[in-house]
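Participant: sequence plus predicted model, see below.
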Amino acid sequence: MILALPYPCTMFLLSWLTRQPAADTDAAEVARARDGDESAFEALVSRHERTVWRVCRRMLGDPDAATDATQDAFLRVYRALGRFRGEATFRTWVIGIAINVCRNHLGSAAARLGRHSVPLDDSPAGGESRPLPLPDPAPGPEALARASEVREALERAMKRLAPEHREVIVLAEIQGMPHETIAAAIGVRAGTVKSRLSRARAALRKELEGVWP
Amino acid sequence: MSCEEFIRTLEDEGAPTPAAAEHARGCAACRRELERWSAVRAELQAMRSEDPPPFLHTRVMAHVESVRSSGSGRGVLLSWLRPAVAGPLIVLALAAGLGALQVWRRASAPAPNATRGLVAETRPLEDAGPDNERPAPVAAAPEGVAAPPNATRVAARAGETRAKGRRTEAQSPPPGAAASAEADRALVPPPPVAGAIDVGHGAPPADEIAAAAPSRDAAFEEISVEKVAAAPAGARLAARASPRGPAPTCRVESEDGTVFGVVGLPALECPPGPLFRLITVAEDGAMARLDPATRAAEPLSPSSRAALRELRLAPGRYRLLPVAP
């Protein structure tokens, strides 16, 4: 019967069906963690740390910074667990906290640089050019090299996006979260997510002009 | 559908609607744009599979544990305190703190020379969030007395210890009496137990002031160990008799889970609970524990080193996991 539905409906139903047990498991662990069960909290960390790290990785553009942000995020989760009301899933709530941590990191970096938008790319923005790394002389498959080039161009473009655009791209396009879940995570309405995502895609397309095939 | 509408649809929806796809079939420029955007999306989705570093879980749990064990974690169990009880408790704690400060000032007034050289300095707790309590001001070393290289860190830890003491008082009635008692203890020189810290003559150095707090928790014990390790020249330092409780049994295993043995370690090195601590063993056999928050290598207590040497650990990193006695 499910297969007779249109493709988006099928995918939504399948994702909903597969997500339910995880949400239930989270609820049980959250309740135990709130009662002081440290192993339950560790189980929650184990379950969500990879997602949180990936969100932070793409938001901050640096693996080490992402690890630090993940630590901070789970510390906040630990402290605020008593205030978790279960209005969103635990996963959504944790991702929201991680996004806030990343915003703070980016805000601190912006304050240090004296600008609102933080260029996290490797190239300095002040006109002072850093010598570009020489191309790797080792011969390799052309396709692999091209893929790497494309990935680098995309990463640079992501880093140039405004934080509010980057976060919706990360959550929607990379993490594949639906608009409603993103809205719950970042504390805006679903309509705002949709419009912000549209602007973010436009900005990303613009950033990639000339460097994308 | 025009080309502009096609682009707008692509940006709004992230994927072409049937009408947009139909348009792309007949428009080479939009078809190229669609292929380009599809490649971008595929690349974005590939980013989802990037793996975090293997030590992520260890780092996260150690970070949480370090804050939790330092008392600034405001654990979930105390969350109910916040709305109704925390306010009055904070007021009481502040009042008690002010009272203790007055007592301290009165007591230190007759000997102004003793504190003339002291400069107050504060340092926030490492990894402390905006909600965290900052450590109490800690006196720096007076002029003429060389501070140990890690004096700042020691001082910060002492502040942390005392901050923890204040929190404990705030939660145990009556808070005023507890704070006054602590202030009184702070005024009395430590009893001449074996190895009590005694640094030169004249004004009490910052270390001694910091160490004058009662040594009832692990953080203070660490201070005494570090002071011995980094004693300034000319200072007479000796190990303080350590009133540690019974050492918990601790399992030592490598990061891949290979168990190397079970040893008795002090609670500081292997605190009870579900979390573990990390130690490193260098090529020359030197051992250090990794601070969960700062990742800095810190000295292990002599008793821990002795116990761990028995295991003849190869160079590398090891976990210390408490096990039920």
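Facilitator: Alright, I've got the coordinates. Numbering: from 1, shown residues only, chains lettered A, B, ... in the order given.
Participant: hey, let's count contacts and neighbours off CA atoms from now on
Facilitator: Will do.
Participant: can stretch A:166-186 be said to contact chain B?
Facilitator: Yes. Under the criterion of Cα under 8 Å from any Cα of the partner chain, chain B is reached by stretch A:166-186 at A:Glu173, A:Ile174, A:Gln175.
Participant: isn't the first one right up against B:Arg41?
Facilitator: In this case it means A:Glu173. Yes. Using Cα atoms under 8 Å, A:Glu173 is in contact with B:Arg41, at 6.9 Å.
Participant: and of the residues of stretch A:166-186 next to chain B, the nearest to A:Arg34?
Facilitator: For the residues of stretch A:166-186 next to chain B, the minimum distance to A:Arg34 (Cα to Cα) is 27.5 Å, reached by A:Gln175.
Participant: what sits against that closest one?
Facilitator: A:Gln175 makes contacts with A:Val55, B:Gln45, B:Arg48, as judged by Cα atoms under 8 Å, 6 or more residues apart in numbering or on different chains.
Participant: check B:Gly14 too.
Facilitator: A:Ser198, A:Arg201.
Participant: ok, 10 Å please
Facilitator: By Cα atoms under 10 Å, 6 or more residues apart in numbering or on different chains, the contact set of B:Gly14 is A:Ala172, A:Glu173, A:Leu197, A:Ser198, A:Arg201, B:Ile7, B:Arg8, B:Trp37, B:Ser38, B:Arg41.
Participant: got it, and B:Glu253?
Facilitator: B:Val259, B:Phe260, B:Gly261, B:Val262, B:Leu278, B:Leu313, B:Arg317, B:Tyr318, B:Arg319, B:Leu320, B:Leu321.
Participant: mind listing the strands the helix or strand containing it pairs with, and their directions?
Facilitator: Using DSSP states H and E, B:Glu253 falls within strand B:249-254. Its sheet considered, strand B:249-254 pairs with strand B:259-264 (antiparallel), strand B:316-323 (antiparallel) by DSSP bridges.
Participant: contacts for the longest one, please.
Facilitator: Defining contact as Cα under 10 Å, 6+ apart, one finds that strand B:316-323 is touched by B:58, B:248-260, B:262-265, B:267, B:269-283, B:285, B:287-290.
Participant: can you say which of the residues you listed are buried?
Facilitator: Taking 16 or more other Cα atoms under 10 Å in any protein chain shown as the criterion, what is buried in the contacts of strand B:316-323 is B:58, B:248-254, B:262-265, B:267, B:269-272, B:274-281, B:287-290.
Participant: just the pLDDT at residue 64, thanks.
Facilitator: Since no chain was named, I'll use chain A. A:Asp64 carries a pLDDT value of 90.
Participant: try again with chain B
Facilitator: For B:Val64, the predicted pLDDT is 86.
Participant: contact partners for it?
Facilitator: So B:Val64 contacts A:42, A:71-79, B:70, B:73, B:75, B:275, B:292-293 (Cα under 10 Å, 6+ apart).
Participant: how does it look with 7 Å?
Facilitator: Residues in contact with B:Val64 (Cα atoms under 7 Å, 6 or more residues apart in numbering or on different chains) are A:Leu75.
Participant: with B:Ala314 instead?
Facilitator: In this structure, B:Ala314 makes contact with B:Val281, judged by Cα under 7 Å, 6+ apart.
Participant: for it, give me the pLDDT.
Facilitator: Per the predicted model, pLDDT is 84 at B:Ala314.
Participant: tell me the SS of it?
Facilitator: Classification of B:Ala314 using DSSP: H, G, I helix; E, B strand; the rest coil returns coil.
Participant: so where's chain A shaky on pLDDT?
Facilitator: A:1-25, A:110-147, A:211-213 (pLDDT under 70).
Participant: contact residues of it facing chain B?
Facilitator: A:34-36, A:38-39, A:46, A:50, A:53-54, A:67, A:71, A:74-75, A:78-79, A:81-82, A:151, A:173-175, A:198, A:201-202, A:213 (Cα under 7 Å from any Cα of the partner chain).
Participant: just those: which are in helices?
Facilitator: Under the assignment DSSP state H, the residues of chain A next to chain B contribute A:34, A:38-39, A:46, A:50, A:53-54, A:67, A:71, A:74-75, A:78-79, A:151, A:198, A:201-202 to helices.
Participant: just the buried residues from those, in PyMOL please.
Facilitator: Of those, the buried ones go into a single PyMOL selection, burial set by 16+ other Cα under 10 Å:
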select buried, chain A and resi 34+38+50+53+54+67+71+74+75+78+79+151+198+201+202
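Participant: so how far does stretch B:288-296 reach from one end to the other?
Facilitator: Taking Cα to Cα, to the nearest Å, the first and last residues of stretch B:288-296 lie 9 Å apart.
Participant: what pLDDT, on average, does that stretch get?
Facilitator: Stretch B:288-296 carries an average pLDDT of 76.
Participant: what sits up against that stretch?
Facilitator: Stretch B:288-296 has contacts (Cα under 7 Å, 6+ apart) with B:Ala62, B:His63, B:Ser66, B:Asp127, B:Leu278, B:Ile279, B:Thr280, B:Val281, B:Ala297, B:Glu298, B:Pro299, B:Leu300.
Participant: also stretch A:191-204?
Facilitator: For stretch A:191-204, the surrounding residues in contact (Cα under 7 Å, 6+ apart) are A:Ala157, A:Met158, A:His165, A:Val168, A:Ile169, A:His179, A:Ala183, B:Glu11, B:Asp12.
Participant: stretch B:299-312 now?
Facilitator: Contacts for stretch B:299-312 (Cα under 7 Å, 6+ apart): B:Val225, B:Phe260, B:Gly261, B:Val263, B:Gly264, B:Leu265, B:Met287, B:Ala288, B:Arg289.
Participant: tell me which of the residues you listed is nearest to chain A?
Facilitator: B:Arg289 (19.1 Å; Cα to the nearest Cα).
Participant: which SSE is that closest one in?
Facilitator: Following DSSP H and E, one finds B:Arg289 within strand B:287-290.
Participant: also B:Pro274?
Facilitator: Secondary structure from DSSP H and E places B:Pro274 outside every helix and strand.
Participant: how about it, what does it touch?
Facilitator: A:Glu38, A:Ser39.
Participant: related to what we said a few turns ago, quick one: which of the contacts of B:Glu253 is nearest to chain A?
Facilitator: For the contacts of B:Glu253, the minimum distance to chain A (Cα to the nearest Cα) is 13.3 Å, reached by B:Leu321.
Participant: B:Val91 sits in which helix or strand?
Facilitator: With secondary structure defined by DSSP H and E, B:Val91 is part of helix B:87-108.
Participant: what packs against that helix?
Facilitator: With contacts defined as 3 or more Cα pairs under 7 Å, 6 or more residues apart in numbering or on different chains; DSSP states H and E, the packing partners of helix B:87-108 are helix B:151-171, helix B:175-187.
Participant: max pairwise distance over the contacts of B:Gly14: which two?
Facilitator: Greatest spacing in the contacts of B:Gly14, by Cα to Cα: A:Ala172 and B:Ile7 (18.6 Å).
Participant: more crowded one of those two?
Facilitator: Each of A:Ala172 and B:Ile7 has its neighbours counted (other Cα atoms under 10 Å in any protein chain shown); A:Ala172 has more, 21 against 18.
Participant: can you report phi and psi for the closest residue to that one other than its chain neighbours?
Facilitator: Of all residues not flanking A:Ala172 in the chain, A:Pro178 sits nearest, at 6.5 Å (Cα to Cα, 6 or more residues apart in numbering or on different chains). Dihedral pair for A:Pro178: phi -70, psi 160, per degrees, to the nearest 10.
Participant: number of residues surrounding A:Pro178?
Facilitator: By the measure other Cα under 10 Å, the count of residues near A:Pro178 is 15.
Participant: now swap in the one 3 residues further on and tell me
Facilitator: Here the number of neighbours of A:Thr181 (other Cα under 10 Å) works out to 22.
Participant: contacting residues around it?
Facilitator: A:Thr92.
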